[in-house]
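Chemist: What follows is a predicted structure for the sequence shown.
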Amino acid sequence: MGWIINTLTSSIGKKLVMSLTGLFLCTFLLVHLYGNSNLFGEPAAAKLSFDGFSKFMSTFPPLRVLELGLFLGFVLHITQGVMLYFQNKSARPIGYAKMPGNETSPLLSRTMIWTGSFVFFFLVVHVKQFFVDIRLTQGHEASMYDGVKAAFENPTYSALYLVALLFLALHLNHGFQSAFQTLGLNSKKYTPIIKALGLLYSILIPLGFALMPIYFLLKKCNCI
């Protein structure tokens, strides 16, 4: 048991946990985007479909267990990321006279803590908006569709959402590739494929989520 704890608390262990939880969260984003696709279409049908999906996701027992796993995944990913950041920073306490740029690491790698921090900030706002204020406060009978619609019809919230997606795209682009590299899949054969998939994923997933606030804003002004 001791060697397991020592491994997980080491630098390599932290990176391994970051990689596995990161890939797990990438899978969650796909499921989340699929569920949110129910928002599009004729309002009455979209409301029935999205509310039905939301209720199923929040009441089906096995999914509630996965929800706890998702929460744990977020906590581990965030805490390990912060610990790694300060661990790496303490290894060079004097710092650099000037930024080393690509001579040591790509810009996206050096800004992961900041892109991740903004995404985390927005995640707190997002969870409060939909999980706390709707599901916990109003119960499972509340309409998640109405809550999403009201949020995305608010230009301020939609703007914050779109900015968060930009930071998420940057975070995903490096994180996706880095996760596979940590797991040892960084050979000449697989690295170009992983980089291409990471770039594609980091564009398509945020773009899919971005369509939601744009859709509701355009609907509100009768532009579509």
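Modeler: Cool, got the structure.
Chemist: Helix or strand: which one has the closest residue to Ile113 other than its chain neighbours?
Modeler: Residue nearest to Ile113 in three dimensions, not counting chain neighbours: Tyr85, with 4.5 Å by CB to CB, 6 or more residues apart in numbering. To be clear about C-beta, it is placed using only N, CA and C from the backbone, and glycine gets the same treatment. According to DSSP states H and E, Tyr85 maps onto helix 61-90.
Chemist: before we move on, the earlier item: near the residue nearest to Ile113, how many other residues are there?
Modeler: Other residues lying near Tyr85 total 15 when counted by other CB atoms under 10 Å.
Chemist: again with Thr182
Modeler: Neighbour count of Thr182, defined by other CB under 10 Å: 18.
Chemist: That one is in contact with Gly22, isn't it?
Modeler: No - here Thr182 does not reach Gly22: they are 9.1 Å apart, not a contact under CB atoms under 8 Å.
Chemist: Only the buried residues of stretch 72-84, if you could.
Modeler: Neighbour counts using 16 or more other CB atoms under 10 Å place 73-74, 76-78, 80-81, 84 of stretch 72-84 among the buried residues.
Chemist: okay, it in PDB with CA atoms only?
Modeler: As requested, C-alpha coordinates have been extracted for stretch 72-84 and formatted as PDB (Å, rounded to 0.1, in the frame of the first residue of the first chain):
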ATOM      1  CA  LEU A  72     -14.100  13.000  -7.900                       C
ATOM      2  CA  GLY A  73     -12.500  13.200 -11.400                       C
ATOM      3  CA  PHE A  74     -12.800  17.000 -11.400                       C
ATOM      4  CA  VAL A  75     -11.400  17.300  -7.900                       C
ATOM      5  CA  LEU A  76      -8.400  15.000  -8.600                       C
ATOM      6  CA  HIS A  77      -7.700  16.700 -11.900                       C
ATOM      7  CA  ILE A  78      -7.800  20.200 -10.400                       C
ATOM      8  CA  THR A  79      -5.900  19.400  -7.200                       C
ATOM      9  CA  GLN A  80      -3.200  17.400  -9.000                       C
ATOM     10  CA  GLY A  81      -2.800  20.200 -11.600                       C
ATOM     11  CA  VAL A  82      -2.300  22.900  -8.900                       C
ATOM     12  CA  MET A  83       0.100  20.700  -7.000                       C
ATOM     13  CA  LEU A  84       2.200  20.000 -10.100                       C
END
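Chemist: Identify the residues contacting it?
Modeler: Residues external to stretch 72-84 that are found in contact with it (CB atoms under 8 Å, 6 or more residues apart in numbering): 11, 14-15, 17-18, 21-22, 24-25, 28, 112-113, 116, 120, 123.
Chemist: can we see that at 7 Å?
Modeler: With CB atoms under 7 Å, 6 or more residues apart in numbering as the contact definition, stretch 72-84 has outside contacts at 14-15, 17-18, 21-22, 24-25, 113, 116, 120.
Chemist: Likewise for stretch 167-178?
Modeler: Against stretch 167-178 from outside (CB under 7 Å, 6+ apart): 22, 26, 106, 108-109, 112, 115-116, 118-119, 194-195, 198-199, 201-203, 205-206.
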